[in-house]
Every structure is written in structure tokens, then in C-alpha cells.
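S.K.: Return atomic coordinates for the entry below.
(one chain, ligands or ions: 1)
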Amino acid sequence: MTAADGLGGRLQRLSREIEAHLGGLGRGASRVSYRFREFRIAPDEEPDAEDVMFAAQCAVCGECGRPGTDPSGARQWIVRHLSAHPEHYSYRELVSRPYRAVPGAWR
Ligand SMILES: [Zn+2]
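M.R.: Predicted structure coming up:
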């Protein structure tokens, strides 16, 4: 048994294998560092935020009312749709609410 067969030899072989594996990435590639930042997700209430929009959709035929900022407009559309399609009883409210990722501390 030679010295190269001991733990030192195994470490040298492993070191050569790792270096060969990383060789394709170029020198210095293993020294890239990353910083992570915390974010809080919250409703966007900035002055330039999109409006919250409401619409109603018939769950029977899929037809949608025109989206608007007043939620009562969606309910009024349901009444009109029901009068035109008396057998359509199921509806869903569609809400588009803007959210914002608020940057926090760097880690
Ligand atoms: Zn319908």
C-alpha cells in the first residue's frame, strides 16, 4: 500500500474530480455569491395602482358582464342575465385586485 492509497490519496483524487467537473464553468465561477431579500406581499394601495375590478360570470354558459369598479354592477348584470336566461341560476363573482411585492431587508 502506497501513501496515495490512504485518505490523503482519496482526497487528492476527489479534489481532481471536482476540479475537472468545475473546469467547464471557468475559473472563478465557483465564487459567485448571492444575496437574498425579503419581500412582503400586500394589496397595492399606491396612487398609481390598478383599480379593483368586479365582474360577474354565469356558471352555466360562461358569459361575463363588463368589469367595473362598482361591485353592485356585477349583481345588476346577474339580474339582467337571469331575465334573458331564466334557467341560468349559478353565477360567480370575478375580482381583480392589484397586489404589490414590497421590498424588505437584505439578508
Ligand atoms: Zn348564462
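
S.K.: who in the chain is up against the ion?
M.R.: 58, 60-61, 85, 88 (CB under 5 Å from the ion). (Each C-beta comes from the backbone N, C-alpha and C, glycine too.)

S.K.: Mind putting those into a markdown table with neighbour count and secondary structure?
M.R.: Shown next, in a markdown table, are the residues of the chain next to the ion (neighbours: other CB atoms under 10 Å; DSSP: H, G, I helix; E, B strand; the rest coil):
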| residue | neighbour count | secondary structure |
| --- | --- | --- |
| Cys58 | 19 | strand |
| Val60 | 13 | coil |
| Cys61 | 12 | coil |
| His85 | 13 | coil |
| His88 | 15 | coil |
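
S.K.: Do a quick rundown of the helices in the chain.
M.R.: For the chain, helices defined by DSSP state H occupy the ranges 7-23, 71-84.

S.K.: among those helices, where is the model least confident on average?
M.R.: Looking at the helices of the chain, the lowest mean pLDDT belongs to helix 7-23 (a mean of 72).

S.K.: what about the worst-scoring helix or strand of the chain on mean pLDDT, distance to the chain center?
M.R.: Least confident helix or strand of the chain, by mean pLDDT, DSSP states H and E, is helix 7-23 with a mean of 72. Put simply, helix 7-23 sits 40 Å off its chain's centre (CA atoms, centre = their mean, to the nearest Å).

S.K.: still on that earlier bit, tabulate the helices of the chain in a markdown table, adding columns for mean neighbour count.
M.R.: Listed next are the helices of the chain as a markdown table, based on neighbours: other CB atoms under 10 Å:
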| stretch | mean neighbour count |
| --- | --- |
| helix 7-23 | 10 |
| helix 71-84 | 14 |
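
S.K.: could I get those as a markdown table with distance to Glu38?
M.R.: What follows is the helices of the chain, written out as a markdown table (distance: least, CB to CB, whole Å):
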| stretch | distance to Glu38 |
| --- | --- |
| helix 7-23 | 31 |
| helix 71-84 | 33 |
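
S.K.: send the alpha carbons of the least confident helix or strand of the chain over as CSV?
M.R.: Output in CSV follows, covering the C-alpha atoms of helix 7-23 (Å, rounded to 0.1, in the frame of the first residue of the first chain):
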residue,chain,number,x,y,z
LEU,A,7,-7.1,9.0,3.0
GLY,A,8,-4.7,11.7,1.5
GLY,A,9,-4.8,9.9,-1.8
ARG,A,10,-8.5,9.6,-1.9
LEU,A,11,-8.8,13.4,-1.1
GLN,A,12,-6.4,14.2,-3.9
ARG,A,13,-8.5,12.1,-6.4
LEU,A,14,-11.7,13.7,-5.2
SER,A,15,-10.2,17.2,-5.5
ARG,A,16,-9.1,16.4,-9.1
GLU,A,17,-12.6,15.1,-9.9
ILE,A,18,-14.2,18.2,-8.5
GLU,A,19,-11.8,20.5,-10.4
ALA,A,20,-12.4,18.6,-13.6
HIS,A,21,-16.2,18.9,-13.1
LEU,A,22,-16.0,22.6,-12.4
GLY,A,23,-13.4,23.2,-15.2
